[in-house]
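In: need coordinates for the following:
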Amino acid sequence: EGVVTDLKYKALIMDTVHNMDVVQQLRDGRIRNIYDWLWQKQLRFYLESNKAVIKMVDAQFNYTYEYQGNAQKLVHTPLTDKCYLTLTQGMHMGFGGNPYGPAGTGKTESVKALGSTFGRQVLVFNCDEGIDVKSIGRIFIGICKSDAWGCFDEFNRLDEAVLSAVSMQIQVIQDALKSGASTLTLLDRKIEINPNSGIFVTLNPAGKGYGGRSKLPDNLKQLFRPVAMSKPNNELIAEVLLYSDGFKHANVLARKLVALFNLSKELLTTQQHYDWGLRALKTVLKGCGTLLRNARANKLEISSNYEAQLVVQAARINTLSKLTFGDSKRFDGLLRDIFPGVDLRDIEYENLRQALHEVYKEHHLLVSDTQV
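Out: Numbering: from 1, shown residues only. All right, here's what the predicted structure looks like:
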């Protein structure tokens, strides 16, 4: 129950922060008319004839009440708003959505978050070379018959021949959605189509750093509305997540933590397993929240310096084990520069140490402190 309550509070805080930003934009723009662009481009909910509807610019959708659990909310950034606007306009015109960009920029998560907002079930399929036309056709049939969205992750990992054939199936589905037809023919089967279904694809760039990706054929490109997910606003995301976890000095800590990751990417050696992107940053932020909750459970006094100490501790716990010996020394040096006055305490694994000692005894082995 405590975990669910925490999720609710964090979701409310994130929504409040976003709503404050929207209100500030409207005030700064001196908006007085509901038809002004700054208001029209917001994702808005209305109750019309006892039906919940969602509007964004000239697009309108029905809310479908497909509750998928109390999932963690996505932090709203300008990039998220741009993605939502492009996807909703694409659906309004009968097309699919195509967020593209490097890994860890929130492509799949944005589609899932938008689906959750619309009350849709979002099914994510990871594409690879082993998927053939019939397999993906059966998935399309399932999506059409339910009011779910299908998100095909790394769609350009499919073979070029499969991509060309799949484009014909997607064309049939989109034509049915545009015309408002109740049935369509797919894989020589006549099936019913739900008007709330949708198809989305996400792409990593074809070329250096992303092996096994091919470029989409032109006949497939024109079926989706593209949106570039280039560089997420890591500082804003970190600030909102820290605020939602209860950090009072989140703005300063977020700025320092993002600076730490940027400098680490530039100054540390290049290793294949190193990741200084948004995924690694969110792992550290999650650790920060856990440490703060533990400190509050132990009724410790939380000062600004103690908050910084928790952030440093979370960064070291989640990062040092991945680094080479030389890079770990450089990483600690960066921490001392960015968080001056914060003591870099050794990471304590007392519970793990005790568990190891018990396992040693169970197996009648001698305990070696160097191994532990």
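In: quick check: pLDDT value at Gln89.
Out: We have a pLDDT of 95 for Gln89.
In: how many neighbours does the closest residue to it other than its chain neighbours have?
Out: Spatial nearest neighbour of Gln89, excluding adjacent residues (Cβ to Cβ, 6 or more residues apart in numbering): Ala59 at 6.0 Å. No exception for glycine: its C-beta is placed from N, CA and C like everyone else's. Neighbour count for Ala59, taken as other Cβ atoms under 10 Å: 16.
In: heads up, I number from 825, so please use that
Out: Got it, the first residue is 825 from now on, which makes the last one we talked about Ala883.
In: contacts only, for Ala883.
Out: Contact analysis of Ala883 by Cβ atoms under 8 Å, 6 or more residues apart in numbering lists 912-913, 915-916.
In: taking the residues you listed together, which two end up most distant?
Out: Comparing every pair within the contacts of Ala883 by Cβ to Cβ identifies Gln913 and Met915 as the most remote, at 7.4 Å.
In: out of these two, which sits in the more crowded spot?
Out: Legend: neighbour count by other Cβ under 10 Å for Gln913 and Met915, higher for Met915 (23 against 17).
In: where's the more buried one, which helix or strand?
Out: Applying DSSP states H and E as the criterion places Met915 in helix 902-916.
In: mind listing what's buried along that helix?
Out: Residues 903-915 are the ones in helix 902-916 that count as buried (16 or more other Cβ atoms under 10 Å).
In: mean confidence score for stretch 854-864?
Out: Rounded mean pLDDT across stretch 854-864 is 92.
In: which ones are touching the residue most central in space within the chain?
Out: For the chain, the residue nearest the mean C-alpha position is Glu933 (3.5 Å; Cα atoms, centre = their mean). Glu933 is in contact with Leu898, counting by Cβ under 8 Å, 6+ apart.
In: pretty sure Ala1052 contacts Tyr924?
Out: Yes: Ala1052 lies in contact with Tyr924 (Cβ atoms under 8 Å); the separation is 6.4 Å.
In: more crowded one of these two?
Out: Each of Ala1052 and Tyr924 has its neighbours counted (other Cβ under 10 Å); Tyr924 has more, 20 against 14.
In: for the more buried one, give me the pLDDT.
Out: Note for Tyr924: predicted pLDDT of 90.
In: how close does it get to Leu911?
Out: Tyr924 sits 12 Å away from Leu911, going by Cβ to Cβ, to the nearest Å.
In: what's the answer for Thr932, then?
Out: Plainly put, Thr932 is 12 Å away from Leu911 if you go by Cβ to Cβ.
In: now do the SS call for His900.
Out: coil (DSSP: H, G, I helix; E, B strand; the rest coil).
In: ok, now which ones touch it?
Out: For His900, the contacting residues are 838, 841-842, 845, 1064, by Cβ under 8 Å, 6+ apart.
In: now swap in Thr1148 and tell me
Out: 1093, 1095.
In: please apply the same query to Leu1010.
Out: So Leu1010 contacts 961, 964-965, 968, 993, 996-997 (Cβ under 8 Å, 6+ apart).
In: which members of the residues you listed are positioned in helices?
Out: When DSSP state H defines the helices, the subset of the contacts of Leu1010 inside them is 961, 964-965, 968, 993, 996-997.
In: I'd like to know how many residues surround Ser970.
Out: Residues within reach of Ser970, counting by other Cβ under 10 Å, total 16.
In: now it: closest residue in space that isn't a chain neighbour?
Out: Counting by Cβ to Cβ, 6+ apart, Ser970 lies nearest to Asn1018, which is 6.2 Å off, once chain neighbours are set aside.
In: okay, domains of the chain per the record?
Out: Domains of the chain are assigned by automatic domain parsing as 890-1052, 1058-1174.
In: what's the helix or strand hosting Lys958 packed up against?
Out: Following DSSP H and E, one finds Lys958 within helix 957-969. Judged by 3 or more Cβ pairs under 8 Å, 6 or more residues apart in numbering; DSSP states H and E, helix 957-969 is in contact with strand 973-977, helix 984-1003, strand 1007-1010, strand 1013-1016, strand 1022-1025.
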